[in-house]
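>>> Quick one, fold the following:
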Amino acid sequence: MDKKTLRLLYKKKRAELDYTKIEKLSVEIANQILTLPIWSFDNFHIFMGVEKLKEINTNYIISVLQGRDKNIIIPKVISKSQLTHYLLTDATKLKLNQWNLLEPINGIEIKPKKIQVVFVPLLAYDFYGNRVGYGKGYYDKFLAKCGEKCLKIGLSFFTPEKKILVSPIDIKIDLCVTPKKIYNFN
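Numbering: from 1, shown residues only. Below you'll find the predicted structure:
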């Protein structure tokens, strides 16, 4: 299926979820993450979910990471298609940007090569690790700068599609965590 069709379909699927269901599914995803063999890593990048878009509430995952004393790195949009990445600490100040995305306004910048695990936002994904985001390419550009061994983990409320038509610049995910199952694409 093509990306444009999938974006419309999965935005509609998300719109049908109420906020109570989103919270329940977000907790289930965080619990699934506890079973992953990722706890020897130190540097974890995670997006801040946007409630208005009915994205996963990543605060539960952030709490898990904090409880395991991991370095949490969050993105900031700096241009039309680029992100910078900052260590989330008690001193980090956050604010909503123009897309209602909570992002840091200060902090310690972390280069992509230092990041070992990235929790990747997505709308849809397939059985081969291909993903569909919002179409701006922020994460494909960012993931291309991460080290070869960086583990890319998608987070989704839904099961995979059979096959997504992708372009050569699209970066695949290694795993996708859903409320009921973890899909491994390696």
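>>> downstream neighbour of the strand ranked longest in the chain in the secondary structure list?
Identified as the longest strand of the chain according to DSSP state E is strand 71-77. Heading C-terminal from strand 71-77, the first helix or strand you meet, by DSSP states H and E, is strand 83-87.
>>> what angle do that following strand and strand 71-77 make?
Per axes from the mean of the first three to the mean of the last three Cα atoms, to 10 degrees, the angle that strand 83-87 makes with strand 71-77 is 150 degrees.
>>> Now do strand 83-87: everything it contacts.
Strand 83-87 is contacted from outside by 45, 71-78, 92, 104, 106-112, 115, 138-139, 141-142, using Cβ atoms under 8 Å, 6 or more residues apart in numbering. Every residue, glycine included, has its C-beta placed from N, CA and C.
>>> again, but for stretch 110-122
Identification of contacts with stretch 110-122 by Cβ under 8 Å, 6+ apart yields 38, 41-47, 49, 55-56, 58, 61, 71, 73, 85-87, 131-133, 139, 142-143, 145-147, 149-156, 173, 176.
>>> Which of those residues fall within strands?
Among those, DSSP E puts 43-46, 71, 73, 85-87, 131-132, 151-155, 176 in strands.
>>> now the helices: where do they sit in this protein?
For the chain, applying DSSP state H gives helices covering 3-15, 19-33, 59-67, 138-145.
>>> For residue 127, which of those is the nearest?
For the helices of the chain, the distance to residue 127 is smallest for helix 3-15, at 13.8 Å, taking Cβ to Cβ.
>>> returning to what we had before: PyMOL command for the buried members of the contacts of stretch 110-122?
In PyMOL, a selection of the buried entries from the contacts of stretch 110-122 looks like this (16 or more other Cβ atoms under 10 Å):
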select buried, resi 38+41+43+44+45+46+47+49+55+56+58+61+71+73+85+86+87+131+132+133+139+142+143+146+150+151+152+153+154+155+156+173+176
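>>> Can I get stretch 92-100 in PDB, CA atoms only?
Output in PDB follows, covering the C-alpha atoms of stretch 92-100 (Å, rounded to 0.1, in the frame of the first residue of the first chain):
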ATOM      1  CA  THR A  92      15.800  20.900  31.000                       C
ATOM      2  CA  LYS A  93      13.100  23.500  30.200                       C
ATOM      3  CA  LEU A  94      10.400  22.300  27.800                       C
ATOM      4  CA  LYS A  95       7.900  24.300  25.800                       C
ATOM      5  CA  LEU A  96       5.300  23.500  23.100                       C
ATOM      6  CA  ASN A  97       6.400  24.400  19.500                       C
ATOM      7  CA  GLN A  98       4.200  25.400  16.600                       C
ATOM      8  CA  TRP A  99       3.000  21.800  16.100                       C
ATOM      9  CA  ASN A 100       2.100  21.300  19.800                       C
END
